[in-house]
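A.B. asks: quick one, structure for this:
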Amino acid sequence: MNEIKGADNLGKPIGRNFLKFLIVIIAFQDVAAGVAGSIMADIIAAYPNFDPTIVMLVATFPGLIQIVPALFYGQLSSRFKKRTLLFTGLVLFMIGGVMPFFIDSLPLIILFRGILGLGVGITMPLSIDIISDFFEGREKDTLIGLGTSTIACIGAIFFQLVGGILADAYGWQYGFLTYLFPIWILALTFLFLPEPERRDKPNATVKDLFKAPKQVYGFSLGQVIYSAFIFGYVTNISIVIQAEGLGNATEAGLAVSIFTFGTLIAGLIFGRLRSRFPVGVVPMAVFITGVGMLICYSANSLSAIFIGSLVGGFAMGLVLPGVFARVSELSEQKGVSYVGLVVVGQGLGGISGPFLYGLIMQLFNQQVGNFALLISTVGLILLSIVWYFFVKAPKEKVSPDLSL
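C.D. replies: The predicted structure follows:
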């Protein structure tokens, strides 16, 4: 079938490839909260009367708040049309993103950043859900990989780069104007994205989350732990590069960009890899992420750091779509959407990461820097082993196309 028409019969049928484009661009703003990270030094300088930890909520608060709508996503998707949720999420995202440009109050800025988080908490699981509504099999896996890794990374690079350029040229508040950019996504999806046909399924409630298959809990918990261990790289690689005399702040930024580029590339081939390694793709990718961290930990040159960053980023670009793909399949089997739990897992991992590393470093009387990369290495490799043996689907009960 080359043309698709939604349940609402809105307009003319659209081409299958155009539908794929409309769906994957929804993920463009999934990591856009990072704009604040690129201008954080300027924001801290603008509010000298506030503790820097409080100011940093401008960057971290969206990740905390996105947990709330993601946790209730199954219930929301059963009560409201997908298009309604999409437009609501995008509008909340743009309002919460742009309003800090117009205000000077730090508490209000943090509040609007929370509104942005609400938008992301809706659109992130929704983008996976819509893919599952229209596509299946390897085609669905390919689109999940493109959305959660490739398009999300392109969006992250865009928002961080353009936000930084605007902030340097005109002032830090101008960086928030980048959040006007997704208006073209809102316009295109409003005009052309069809409403998926409603499936016969019971109304999802919070109680359904406690009746989910064990694999859903396993994958979601694995995502919490994985996201927490990734924290060690993101926050310490620049410290390692400069402390070891391997480069300056610019080269440290380049290492993070290479990590992101690896994630972007992985999304392009995720569907093919998952079709070849249906059971092992996620634990294998978790293990490879650990190998990337090990290369960075052992590195005595900037080129080795870049190689480790590329390896780790590539593997991360397989883990997230792999988790989403499996949880999406389990959701289809049960008739209740559990994909929001993965988003909750991501958020909890990002929040718990600093506390986890602080506890371990205090226990071993170590400082930030290279030791944090060692924690990531050991933690990720152990997680990959546990994931493979205790979370994978039993082969005799799941066909190759539906496993992990």
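A.B. asks: can we go C-alpha only for contacts and neighbour counts from here?
C.D. replies: Will do.
A.B. asks: the domain parsing of this structure - what is it?
C.D. replies: When the chain is parsed into structural domains using automatic domain parsing, the resulting residue ranges are 1-197, 201-404.
A.B. asks: run the chain-centre distance for the shortest one.
C.D. replies: Centroid displacement of domain 1-197 relative to its chain, using CA atoms, centre = their mean, to the nearest Å, is 11 Å.
A.B. asks: in this protein, which spans are strands?
C.D. replies: With strands called from DSSP state E, the chain shows them at 3-4, 14-15.
A.B. asks: least reliable of those strands going by mean pLDDT?
C.D. replies: Here the strands of the chain differ in mean pLDDT, and the lowest is strand 3-4 at a mean of 56.
A.B. asks: wouldn't Thr150 be in contact with Gly262 here?
C.D. replies: No. Counting by CA atoms under 8 Å, no contact exists between Thr150 and Gly262, whose distance comes to 9.3 Å.
A.B. asks: common neighbours of those two, please.
C.D. replies: With CA atoms under 8 Å, 6 or more residues apart in numbering applied, the overlap between the contact sets of Thr150 and Gly262 consists of Gly317.
A.B. asks: quick one: which of the two has more around it?
C.D. replies: For Thr150 and Gly262, the more surrounded residue by other CA atoms under 10 Å is Thr150, and the numbers stand at 28 against 24.
A.B. asks: and Leu363, what pLDDT?
C.D. replies: Listed pLDDT for Leu363 reads 90.
A.B. asks: ah, wrong one, I meant Asn203
C.D. replies: What the model reports for Asn203 is a pLDDT of 50.
A.B. asks: measure how buried Val216 is and give me the count.
C.D. replies: Applying other CA under 10 Å, we find 24 other residues in the vicinity of Val216.
A.B. asks: ok, for it, nearest residue in space, not its chain neighbours?
C.D. replies: Taking CA to CA, 6 or more residues apart in numbering, and ignoring the residues beside it in sequence, Val216 has Val327 as its nearest neighbour in space, at 5.9 Å.
A.B. asks: how about Phe231?
C.D. replies: On the basis of CA to CA, 6+ apart, the spatially nearest residue to Phe231 that is not a chain neighbour turns out to be Gly353, at 5.7 Å.
A.B. asks: for that neighbour, which residues are in contact?
C.D. replies: By CA under 8 Å, 6+ apart, the contact set of Gly353 is Ser227, Ala228, Phe229, Phe231, Gly232.
A.B. asks: got it, and Gly349?
C.D. replies: When the contact criterion is CA under 8 Å, 6+ apart, the partners of Gly349 are Gln223, Val224, Ile225, Tyr226, Ser227, Ala228.
A.B. asks: return the subset of those lying in helices.
C.D. replies: Here DSSP state H is the test, and the contacts of Gly349 give Gln223, Val224, Ile225, Tyr226, Ser227, Ala228 as lying in helices.
A.B. asks: tell me how far the second one lies from Gly247.
C.D. replies: Look at Val224 and Gly247: by CA to CA, to the nearest Å, they are 32 Å apart.
A.B. asks: what's near enough to touch Ser337?
C.D. replies: Contacts for Ser337 (CA under 8 Å, 6+ apart) come out as Tyr73, Gly74, Ser77, Asp129, Ala204, Ser328, Ser331.
A.B. asks: the closest residue to Val58 other than its chain neighbours: neighbour count?
C.D. replies: Nearest non-adjacent residue to Val58, counting by CA to CA, 6+ apart: Ile110, 5.2 Å away. Close neighbours of Ile110, defined as other CA under 10 Å, add up to 22.
A.B. asks: surely Ile110 and Gly63 touch.
C.D. replies: No. Look at Ile110 against Gly63 with CA under 8 Å: they stay out of range, at 11.9 Å.
A.B. asks: quick check: PyMOL command selecting the buried ones in the contacts of Gly353.
C.D. replies: Only the buried entries of these go into this PyMOL selection, using 16 or more other CA atoms under 10 Å:
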select buried, resi 227+228+229+231+232
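A.B. asks: pipe the contacts of Gly353 into CSV and attach distance to Val282 and pLDDT per row.
C.D. replies: Output for these, formatted as CSV (distance: CA to CA, whole Å; pLDDT from 0 to 100):
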residue, distance to Val282, pLDDT
Ser227, 14, 92
Ala228, 16, 90
Phe229, 15, 92
Phe231, 19, 81
Gly232, 20, 82
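A.B. asks: what's the first-to-last distance across stretch 355-371?
C.D. replies: From start residue to end residue, stretch 355-371 stretches across 15 Å - CA to CA.
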